[in-house]
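Visitor: Give me a model of this one.
(4 chains)
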2 protein chains.
Amino acid sequence: MTDTAPAPPKRTRARQQRAEDTRQAILDAATIEFADNGYDGAATRAVAARAGVNQPLVTYHFGSKEGLWRAVIQALIADYRAQYEAHLTEVTDLEPVARLRVIQEEFIRFSANGTVFHQIMAHVARKPSEQLTWMVEEYLRDVYETRAELIRAAQAAGKYVAGDPFHLQYLFLGAVTRIYLLAAEVEQVAGFSPSDPDFLDEHVRVCLSLFFRD
Amino acid sequence: MTDTAPAPPKRTRARQQRAEDTRQAILDAATIEFADNGYDGAATRAVAARAGVNQPLVTYHFGSKEGLWRAVIQALIADYRAQYEAHLTEVTDLEPVARLRVIQEEFIRFSANGTVFHQIMAHVARKPSEQLTWMVEEYLRDVYETRAELIRAAQAAGKYVAGDPFHLQYLFLGAVTRIYLLAAEVEQVAGFSPSDPDFLDEHVRVCLSLFFRD
DNA sequence: GTCTATATTATGATAGAC
DNA sequence: GTCTATCATAATATAGAC
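Guide: Predicted coordinates for the structure are as follows:
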């Protein structure tokens, strides 16, 4: 169970760049494989094949399958945080209710864009683990508490449904994302595809209308 | 890939009963293992150990791992349908809005009771498969369409949030169930446990308040 | 860094005694 | 029906050439 980082490469700039490209290709491939098949279902061979390299190279770059998994999660969090914080600074001057609305709408559009994040979270957040604790302390708690403050403000203004702010955030999360995670079922049962661009605007409208009141 | 039913046992009544007990023990164990670890993550050895028997007996009773999986799903559907239909007859004399309310409340309580069903559906309903098609045609479509009718009636009476009835059902499903599927994260982030009995009544209240209007 | 070849382990399935 | 023993396969990880 050696999941240490790879030995520090000291080569030319071109070689370093090529290695970095390989690493990134493996990471991208692994993200898809993990999201599609879960941790156990994803094979390092399949990851390697998708990335166009051979299997031992995965171990070389990430130490182990476990190390690869961690790297995927960290990259996803980094993406999410970047997108989220970019939007945060953009709305600091709005009043709380409008800010909450923008943040939640942005979350819906983020979720529609890539379900990988939520697919992987569905695997991680089910039962306690070191990974989960790390994610909560490193990132999630902060996000949830910031939004809880905004929800309290919106509730005080009579503009948001009543209830515990954390509880409400999970209802919102579920309402927004579950339909994407059940995409195949939705197509067969309801006859429309959640990934259809036309669907997104309506999804935003309805999800927000559930929680915002006036 | 032989997943045929086991050879018909022709023995004494006592022997038949013992075999049936074994079969049921394996089925119960498999339900837990599949829910906890997914299809790939669940090992037939672990199932056998949990059921207190040895591994080849699983193959004997269910033909293959795939056969075991199907048996688990069918048993879950049967439970759900029994509980759902029991309630349906009980409310046929109510007016549509009240009936919808009872049905949706019952769904929340069912979901809280056992998350196994939703954990497994999360695996099945992500991408197209024979399993999914079978479930949709055999059962899901009917449930969703019945409820869609009730939602239309409630909307016409101005008692339910506007939107496509199928779309709304998936929002409802997500709001109700996702918090249970992320139980470990919820405990760490929000500090309460969704499985806490006190939580359930509040969960019912808030979920219904999101969708029902007056 | 990237490759081929291989060791090691875990798992689903089978054979055959009782 | 249930067991023990074993096979066949697939997957992670390692060794070593280039």
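Visitor: Every contact and neighbour count from this point should use C-alpha atoms.
Guide: OK.
Visitor: Domain ranges for chain A, per the record?
Guide: Domains of chain A are assigned by automatic domain parsing as A:13-66, A:94-211.
Visitor: Return the distance of the first one from the chain's centre.
Guide: Taking the mean of its C-alpha atoms, domain A:13-66 sits 19 Å from the chain's own mean (CA atoms, centre = their mean, to the nearest Å).
Visitor: now swap in the longest one and tell me
Guide: Averaged C-alpha coordinates place domain A:94-211 at 11 Å from its chain's average position (CA atoms, centre = their mean).
Visitor: and what of stretch A:65-85?
Guide: The gap between the average C-alpha position of stretch A:65-85 and the chain average comes to 8 Å, counting by CA atoms, centre = their mean.
Visitor: who in chain A is up against chain B?
Guide: Along chain A, the residues adjacent to chain B under the rule CA under 8 Å from any CA of the partner chain are A:40-41, A:122, A:125-128, A:132-133, A:136, A:140-141, A:144, A:161-163, A:166-167, A:170-179, A:181-185, A:188-190, A:206-207, A:210-211.
Visitor: Go through the lowest-mean-pLDDT helix or strand in chain A and flag the buried ones.
Guide: Least confident element among the helices and strands of chain A, by mean pLDDT, DSSP states H and E: helix A:130-135 (a mean of 84). Residues of helix A:130-135 classed as buried: A:132-133, A:135 (neighbour count, 16 or more other CA atoms under 10 Å in any protein chain shown).
Visitor: what does whichever helix or strand A:A154 is part of contact?
Guide: Assigned by DSSP states H and E, A:A154 belongs to helix A:141-156. Contacts with helix A:141-156, where a contact means CA atoms under 8 Å, 6 or more residues apart in numbering or on different chains, come from A:96-97, A:99-100, A:160-162, A:165-166, A:169, B:189.
Visitor: what's the next secondary structure element after it?
Guide: Remark: after helix A:141-156, the chain's next helix or strand is helix A:165-181, criterion DSSP H and E.
Visitor: Can I get that following helix as CSV, trimmed to CA atoms?
Guide: What follows is helix A:165-181, C-alpha atoms only, in CSV (Å, rounded to 0.1, in the frame of the first residue of the first chain):
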residue,chain,number,x,y,z
PRO,A,165,-30.5,26.0,6.8
PHE,A,166,-28.3,22.9,6.7
HIS,A,167,-31.3,20.7,6.2
LEU,A,168,-32.6,22.9,3.4
GLN,A,169,-29.2,22.9,1.7
TYR,A,170,-29.4,19.1,1.4
LEU,A,171,-32.9,19.2,0.1
PHE,A,172,-31.8,21.8,-2.5
LEU,A,173,-28.7,19.6,-3.4
GLY,A,174,-31.0,16.6,-3.9
ALA,A,175,-33.6,18.4,-5.9
VAL,A,176,-31.0,19.9,-8.2
THR,A,177,-28.7,16.9,-8.7
ARG,A,178,-30.6,13.7,-8.4
ILE,A,179,-32.3,14.0,-11.7
TYR,A,180,-28.9,14.1,-13.4
LEU,A,181,-27.7,11.1,-11.4
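Visitor: what angle sits between it and helix B:165-181?
Guide: Here helix A:165-181 runs at an angle of 120 degrees relative to helix B:165-181 (axes from the mean of the first three to the mean of the last three CA atoms, to 10 degrees).
Visitor: tell me what helix A:165-181 is packed against?
Guide: Other elements packing on helix A:165-181 under the criterion 3 or more CA pairs under 8 Å, 6 or more residues apart in numbering or on different chains; DSSP states H and E are helix A:96-113, helix A:116-124, helix A:141-156, helix A:197-211, helix B:165-181.
Visitor: What residues of the fourth one count as buried?
Guide: Burial within helix A:197-211, assessed by neighbour count using 16+ other CA under 10 Å, is assigned to A:200, A:203-204, A:206-211.
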